Each structure stands twice: as structure tokens, then as C-alpha cells.
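Novice: Pasting a predicted model and its sequence here:
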Amino acid sequence: MADAAVAQAARSGTDDVRPLVRVEGLAKHFDVSPPWLTRVLRHEDRTLVRAVDGVSFDIPAGRTFSLVGESGCGKSTVARLVVGLYNPTAGEVEFDGVSMANLKSRREMAPIRKRLQMIFQDPYASLNPRWRVADIVAEPLRAHGLMTDRRAIQKRVGELLELVRLSARDGEKFPHEFSGGQRQRISIARALASNPEFLVCDEPTSALDVSVQAQILNLMKDLQRELGLTYLFISHDLAVVYHISDYVGVMYLGRLVEWGTARDIFRRPQHPYTRMLLDAIPDLEMSGRQRIPVAGEVPSPIHPPSGCHFHPRCPFANERCKAEEPKAIATPAGGKVRCHAIEEGRLTEEVVQHALGRD
Ligand SMILES: Nc1ncnc2c1ncn2[C@@H]1O[C@H](COP(=O)(O)OP(=O)(O)OP(=O)(O)O)[C@@H](O)[C@H]1O
């Protein structure tokens with residue numbers, strides 16, 4: 001998508017194409033109370049991990065929305081909620097206008113299931129080592145009852161392997177005969193078998209060498225163009241996100257703190273946390289932004305800080321930040337940010353310079 005069109009789409013709050021996926025107020029709290037106490041504990045006394053705590057975003061058809069944030073901020077949990085591997089504690093996921101919560105039985109789920117697929121980080125763990133690659137790739141075709149004829153399946157598997165730039169003959173081999181990058185190609189071929197429109201990619205290149213990462217990202221971009229795919233892309237690596245995204249959402253302790261077009265998130269980050277994340281990738285060309293050093297580690301999602309979850313690490317936090325959860329406000333570029341300091345106009349250039357010790 002051209003930059004201008006992406007910017008326009010973000011400004012108006014909608015893209016020029018329909019949202020294929022809508023996530024509204026999504027939450028997932030894991031009950032980690034000791035098992036022997038779960039029968040007697042009242043709900044309010046249970047130990048809950050608030051992995052995801054009220055996340056909303058849209059993904060326009062044919063675009064890539066990336067979720068970024070430090071380890072443990074809830075990215076993978078969002079990914080699993082979106083494909084229906086977890087039931088949400090609150091909120092909902094809508095796919096092509098259908099609320100997933102309304103799909104109660106496997107039969108109702110089936111037509112949607114084959115339209116969305118997931119690619120995982122570790123291609124070693126997700127491929128059965130005892131199966132030939134052809135059977136691995138054919139498995140969704142059989143599972144979804146899409147094809148039964150052996151010849152037709154063989155032909156489709158060959159096409160899928162060629163789609164990911166392997167050869168049809170590779171189907172005869174076993175996963176251990178391939179490199180890490182080739183195995184991720186096999187995972188992608190399998191994910192594409194049911195002809196999905198939407199792929200959720202959870203750190204798909206994190207286990208790979210940097211040069212191989214680039215090849216897989218390029219393949220994913222080519223496939224998106226060729227097949228009109230929509231991606232939800234999960235990564236802690238902003239350099240990777242920079243190359244693949246139309247939109248970016250920055251997560252911190254279960255919440256989105258800033259989201260908008262990739263261009264604006266990278267060129268004009270607003271939230272102090274987004275700026276801190278970007279500081280970790282000094283080699284990207286992003287002129288004109290101020291760097292903010294932020295210390296400390298992500299607190300536990302069992303007892304998240306009050307108010308703005310980021311306040312203990314934020315150089316600009318005041319009493320209101322400690323007490324009150326910030327609402328989403330529009331950024332000058334048309335994205336959204338949750339930050340009292342920005343809302344109150346406190347994050348001026350002088351304040352940032354002072355935080356940097358440059359005044
Ligand atoms: N099944 C579970 N039971 C209990 N806690 C969980 C479960 N799954 C995730 N968590 C917790 O929820 C929080 C968010 O985890 P999640 O894996 O979604 O984060 P992430 O941003 O994807 O991090 P990473 O990149 O390390 O996977 C973490 O504190 C994690 O320990």
C-alpha cells in the first residue's frame with residue numbers, strides 16, 4: 001500500500017478497504033491460583049495473570065498489522081485469541097463480519113477455521129519429524145476435507161511447495177533434511193494449503209539467522225501480494241517489523257499504548273515506551289526524533305502497576321499517571337496513543353531535552 005494511502009487510512013480511522021479482522025476490548029486473564037485452592041477461592045481472591053487487558057484494533061484486508069513489545073507483554077496471547085486457540089475472558093474477535101464468539105460448535109467454526117491459519121516461531125517443533133513433507137503439507141487438506149483424491153492432493157502439494165520456492169520433489173523428504181529457513185517455508189506451505197485469507201505469524205523469523213530472516217520476510221511479502229493475504233505479525237524485533245508492516249501496535253503489559261501506520265510509529269513515535277523501544281534499533285534511519293532512555297524491567301502482569309502501567313519506568317510520570325488509566329487520543333499523524341503527558345501537552349521538546357540531560 002502506498003504511504004499516502006496508508007496515512008490517509010489511519011487519519012480517517014479506517015482503511016480504504018474493509019477490515020477483515022476486528023479485535024474489540026480483548027482480554028485474557030489466566031488463573032494461576034494453586035490448584036488445591038481453586039474450589040474455595042472467590043473470583044476476586046484468585047491469582048490472575050492479566051496477559052491481555054483490553055486490546056482493540058482492526059486489520060484491513062490485504063494489509064499487515066504488527067504487534068510489538070517486550071517479552072511477556074501479551075503478544076502471543078493476542079495471536080492465540082485471534083485464531084481461536086484461547087477463549088477470551090472479555091471482548092471479541094470478528095472475522096469478516098462474523099463474531100467468533102457466536103461460533104459455538106466445531107461445525108460452525110469449520111468454514112472460518114480454514115480461512116485463518118497460524119505460523120509459529122519454531123519450524124522444528126511444528127513439523128512432525130516422522131512424516132514426509134508431502135504428508136505434512138497435505139494434512140490440512142485432509143483435515144478440512146478439502147480434497148480426497150490422492151492425485152489431486154499430490155498435485156496441490158507440489159504447487160504449494162513451489163509457491164514457497166521449494167520444489168515438488170522436496171515432498172519426498174523428511175523435515176530433518178532441510179535447513180531452518182526451508183523448514184519455515186514448509187510451515188508456510190502447510191499454512192497456505194487451505195487457501196486462507198488471514199495468517200497469524202507469531203515470531204516466524206526469530207529462530208532464524210539474519211540473512212535467512214530476510215529471505216523468509218521477502219517470501220511473505222511476495223505471497224501477500226500474489227495471494228492478497230492479510231497478516232497479523234507478532235515480533236519483539238522492530239527491525240523485522242519495520243520491513244513488513246503497514247500498521248503497528250505497541251503493547252505494554254497487556255495493553256496497546258500506541259498504534260498507527262508503520263511509517264508514523266517509526267518516524268514520529270509519541271509514547272515514551274515506543275521511543276524507548278525504537279532506541280534499541282539505532283541502525284534504522286529515522287531522522288528527527290528524540291531518544292528517551294528508560295530504565296527498568298517490565299513488571300509482573302499478576303500485579304500490574306495502577307493507572308498507566310508504564311508509569312514506574314516513565315521519566316514523565318506524575319500523580320495522575322499513577323492513578324488513572326490513560327484514554328486513547330489521536331496523534332498528530334492520525335494514530336492513537338494512551339499517555340497523560342501527551343494529552344496534557346507536557347511532552348514538549350524542552351521536557352524531552354531535559355530528560356535527556358541536554359539542557
Ligand atoms: N497459559 C498461560 N498460563 C499462565 N500465564 C500465561 C500463559 N500464557 C502466557 N502467560 C503469561 O502471560 C503473559 C503474556 O505472555 P505472552 O506469551 O502472551 O507474551 P509475549 O509478549 O508473546 O512474550 P514472549 O515474546 O516472551 O512470548 C506473560 O506474563 C506470560 O507468562
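Specialist: That came through, no problem. Numbers count the residues shown, from 1 in each chain.

Novice: Low-confidence bits of the stretch 1-150 of the chain, can you list those?
Specialist: Within the stretch 1-150 of the chain, the set of residues satisfying pLDDT under 70 comprises 1-17, 37-39.

Novice: Mind listing what's buried along the helix or strand hosting R275?
Specialist: The secondary structure element spanning R275 is helix 272-279 (assigned by DSSP states H and E). Burial within helix 272-279, assessed by neighbour count using 16 or more other CB atoms under 10 Å, is assigned to 272-278. Heads up, the C-betas are built off the backbone N, CA and C, glycines and all.

Novice: Ok, stretch 195-215 next?
Specialist: Going by 16+ other CB under 10 Å, stretch 195-215 has these buried residues: 196-205, 207-208, 212-213, 215.

Novice: cool, stretch 25-37 as well?
Specialist: Taking 16+ other CB under 10 Å as the basis for neighbour counts, the residues of stretch 25-37 that come out buried are 26-29.

Novice: And stretch 137-147, by the same measure?
Specialist: In stretch 137-147, counting by 16+ other CB under 10 Å, buried: 137-138, 140-141, 146-147.

Novice: send the alpha carbons of it over as PDB?
Specialist: As requested, the backbone C-alpha atoms of stretch 137-147 are provided in PDB (Å, rounded to 0.1, in the frame of the first residue of the first chain):
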ATOM      1  CA  VAL A 137       1.700 -30.100   3.700                       C
ATOM      2  CA  ALA A 138      -1.300 -32.200   2.700                       C
ATOM      3  CA  GLU A 139      -2.500 -32.600   6.300                       C
ATOM      4  CA  PRO A 140      -4.800 -29.500   6.400                       C
ATOM      5  CA  LEU A 141      -6.300 -30.500   3.000                       C
ATOM      6  CA  ARG A 142      -7.400 -33.800   4.500                       C
ATOM      7  CA  ALA A 143      -8.300 -32.400   8.000                       C
ATOM      8  CA  HIS A 144     -10.600 -29.800   6.400                       C
ATOM      9  CA  GLY A 145     -12.000 -32.400   4.000                       C
ATOM     10  CA  LEU A 146     -10.900 -30.100   1.100                       C
ATOM     11  CA  MET A 147      -9.500 -32.900  -1.100                       C
END
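
Novice: Show residues contacting that stretch.
Specialist: Stretch 137-147 has contacts (CB atoms under 8 Å, 6 or more residues apart in numbering) with 110, 113-114, 117, 131, 148, 153, 156-157, 160-161, 171, 186, 189-191, 193-194.

Novice: Buried among these? Make that a ChimeraX selection.
Specialist: Here is the ChimeraX command that selects the buried residues among the contacts of stretch 137-147 (16+ other CB under 10 Å):
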select :113,114,117,153,156,157,160,161,171,186,189,190,191,193,194
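
Novice: Keep only those of the contacts of stretch 137-147 that are in strands.
Specialist: Under the assignment DSSP state E, those contribute Q117 to strands.

Novice: still on that earlier bit, turn the buried residues of helix 272-279 into CSV, including pLDDT and distance to the ligand.
Specialist: Rendered in CSV, the data for the buried residues of helix 272-279 read as follows (pLDDT from 0 to 100; distance: CB to the nearest ligand atom, whole Å):
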residue, pLDDT, distance to the ligand
P272, 92, 19
Y273, 93, 14
T274, 92, 15
R275, 88, 19
M276, 84, 16
L277, 86, 12
L278, 85, 17
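
Novice: what number of residues lie near E44?
Specialist: Each residue near E44 was counted by other CB atoms under 10 Å, and the total is 6.

Novice: In three-state terms, how would it be classified?
Specialist: Following DSSP: H, G, I helix; E, B strand; the rest coil, E44 is assigned to helix.

Novice: where exactly do the helices run in this protein?
Specialist: Listed in chain order, the helices found in the chain under DSSP state H are 3-11, 75-82, 106-113, 133-143, 150-163, 180-192, 210-227, 238-244, 262-267, 272-279, 319-323, 340-343, 349-355.
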